[in-house]
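K.L.:
Quick one, fold the following:
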Amino acid sequence: MGGALGHEGVTEKRKAVFLDRDGVLVRTDVRDGKPYAALTMDAFEILPEAPAAVRSLKAAGYVTVLVTNQPELARGNIDWTTMDAMHTALASAVPLDDIQICPHDSDAGCACRKPAPGMLLNAARDLDLALGDSYMVGDRWRDVGAGRSAGCTTILIERGYIESERETADFNAADVAEAARLILSRRTA
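P.N.:
Okay, the predicted model is just below:
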């Protein structure tokens, strides 16, 4: 896919909003200050504010990309069939242009597991995105780190997790709806 044609026939890169899945678009189970992703379809719940928030970003011209670490695949706690069913359900409710998944565990040393920026860089290359004009919205320090490494403006949805590692985001929001309003309020004409 190419961007919109600008002056003199030059293709302009598009702006994107990269969205983490769990804790941003999908409910997480928080136990003792630590978030846990759903492992079954019965436990998979799209947050009520997510569809309208992402629709508002799409309507404003942003490319929307899900970027999600899913180490439970590597750990054998969930299979690809269930993961695909979750993402099919999510994509039918929330307008996403692309879904990027890192199936690796923390010690894999891959370039795609956040806080590494690999998923964002891959999507930017494949979808012709301007990372410096894009946003990363997540609920954990890893999301902020990936966004910062890719050159995006970062928004942390503060869920009160207890994590020893921290990254300071450019902005904080209560949920994805507030993050979308913040992004749209900063848009330049």
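K.L.:
give me phi/psi at residue 144?
P.N.:
Backbone torsions of residue 144, given as degrees, to the nearest 10, read phi -60, psi -40.
K.L.:
same question, residue 87
P.N.:
Taking degrees, to the nearest 10, you get phi -70, psi -30 for the backbone angles of residue 87.
K.L.:
can you tell me the average pLDDT over the longest strand belonging to the chain?
P.N.:
Secondary structure of the chain per DSSP state E: the longest strand is strand 63-69. Averaging pLDDT along strand 63-69 yields 98.
K.L.:
List the strands paired with it, with their directions.
P.N.:
As defined by DSSP bridges, the strand partners of strand 63-69 come to strand 16-19 (parallel), strand 98-102 (parallel).
K.L.:
starting at the chain centroid, how far to it?
P.N.:
4 Å (Cα atoms, centre = their mean, to the nearest Å).
K.L.:
same question, stretch 113-127
P.N.:
With Cα atoms, centre = their mean, you get 11 Å for stretch 113-127.
K.L.:
Residue 49 is in contact with residue 177, correct?
P.N.:
Yes: using Cβ atoms under 8 Å, residue 177 is in contact with residue 49, at 4.0 Å. All C-beta spots, glycine's among them, are computed from the backbone N, C-alpha and C.
K.L.:
Tell me, how many residues neighbour the nearest residue to residue 111 once chain neighbours are set aside?
P.N.:
Spatial nearest neighbour of residue 111, chain neighbours left out: residue 118 (3.8 Å); criterion: Cβ to Cβ, 6 or more residues apart in numbering. Number of residues near residue 118 (other Cβ atoms under 10 Å) recorded here: 18.
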